[in-house]
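>>> Provided below are the primary sequence and the corresponding predicted coordinates.
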Amino acid sequence: MLDLELLRSFVSVVDAGGFTRASERVHRTQSTVSQQIKRLEEDVGQVLLHRDGKDVRPTEAGERLLSYARRLLSLAEEARDVLSQPGSEGAIRLGIPEDFAAYRLAKLLGTFSRSHPTLRLDVRADQSMNLSRDLERGELDLALYKREAGEKGAIAVWPERVHWVTSKSHPIQAEVSSVPLIGFPLGCLYRTGAIHALESAGRPWHMAYTSSSLAGIQAAVAAGMGLSILSEMAIQSDHRVLTAKDGFAPINRTEVALMASPGASPATLRLADRLAEFCDTVQAKAA
């Protein structure tokens, strides 16, 4: 059985990038943390960290253990919370796309949290590919994420409206020799769709701006740095929508899917109902 204290020190060393800062986080001496990592490596029979002077990074085995360590520590924290609060509804780990987080969803989640005072809500905004992966790994209880239209399995799905956009003040001309793209990092559904659409049309392209932040992408588009694909709710007043008449064909259809982990708790399913109602309302207003 893995010792949670050893796992906590291991996660702290990885996150801090070294033993000195990790020892401060876990309130142990540096030598104690070092001994704990050595004990953990002996327990699992694997070298978990590459040590290069003051720099420390996980080995391949360490990377594999890291995900499990985070989950075990999170479950231990959840168990303590539940037992310390009689009648607690536990915790819900929810994943949502960033444009939903920046929209009205925060208000819905705040209302839900206040109406369930014994429930701990842990919300993470991230790229859809990461949310889908973490739901499969059991690191999320509920996820609202984007995917290609027609995939199987979901509590509910909604077709998504996405558009090519450029700057209203500094638009990119259709006849440019290479289309400058703005998007999320590799793996993003919109980025993949934009590249496929351009290559299918035989148009050269290059990445002009990559950001993990929706606000960064919106600002880069408004500044005229390039073109991007955005959902309708993420398009701003200083953006201009491009159509096939401008020389930009639509990307493949996408949809928003609501998925829950197997054996989801009653509280998780109640939140899923609220999210489904929210998405139904957004779709009705956009129709």
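Thanks, I have the structure now.
>>> now the strands for this structure?
Ranges of strands in the chain, per DSSP state E, are 49-52, 55-58, 90-96, 119-125, 142-148, 156-159, 162-167, 179-183, 205-210, 228-231, 239-242, 254-260.
>>> including distance to Thr32, mean neighbour count and mean pLDDT, could those go into TSV?
C-beta coordinates here come from the backbone N, C-alpha and C atoms, glycine included. Formatted as TSV, the strands of the chain follow (distance: least, Cβ to Cβ, whole Å; neighbours: other Cβ atoms under 10 Å; pLDDT from 0 to 100):
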stretch	distance to Thr32	mean neighbour count	mean pLDDT
strand 49-52	16	13	87
strand 55-58	16	15	86
strand 90-96	30	23	90
strand 119-125	30	16	89
strand 142-148	38	23	93
strand 156-159	50	15	90
strand 162-167	52	22	95
strand 179-183	45	23	96
strand 205-210	41	15	96
strand 228-231	49	24	94
strand 239-242	54	18	95
strand 254-260	41	20	93
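>>> format the ones you listed as TSV; extra columns: distance to Phe278.
Shown next, in TSV, are those (distance: least, Cβ to Cβ, whole Å):
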stretch	distance to Phe278
strand 49-52	43
strand 55-58	38
strand 90-96	11
strand 119-125	14
strand 142-148	9
strand 156-159	10
strand 162-167	19
strand 179-183	26
strand 205-210	30
strand 228-231	15
strand 239-242	24
strand 254-260	10
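>>> His27 is nearest to which of the ones you listed?
Nearest to His27 among the strands of the chain is strand 55-58; the distance by Cβ to Cβ comes to 18.8 Å.
>>> packing partners of the closest one?
In this structure, strand 55-58 makes packing contacts with helix 4-16, strand 49-52, judged by 3 or more Cβ pairs under 8 Å, 6 or more residues apart in numbering; DSSP states H and E.
>>> what about the spatially closest residue to Asp134 that is not a sequence neighbour, how many neighbours?
Of all residues not flanking Asp134 in the chain, Leu140 sits nearest, at 4.9 Å (Cβ to Cβ, 6 or more residues apart in numbering). Using other Cβ atoms under 10 Å, Leu140 is surrounded by 25 other residues.
>>> give me phi/psi at Leu140?
The phi/psi pair for Leu140 (degrees, to the nearest 10) reads phi -130, psi 150.
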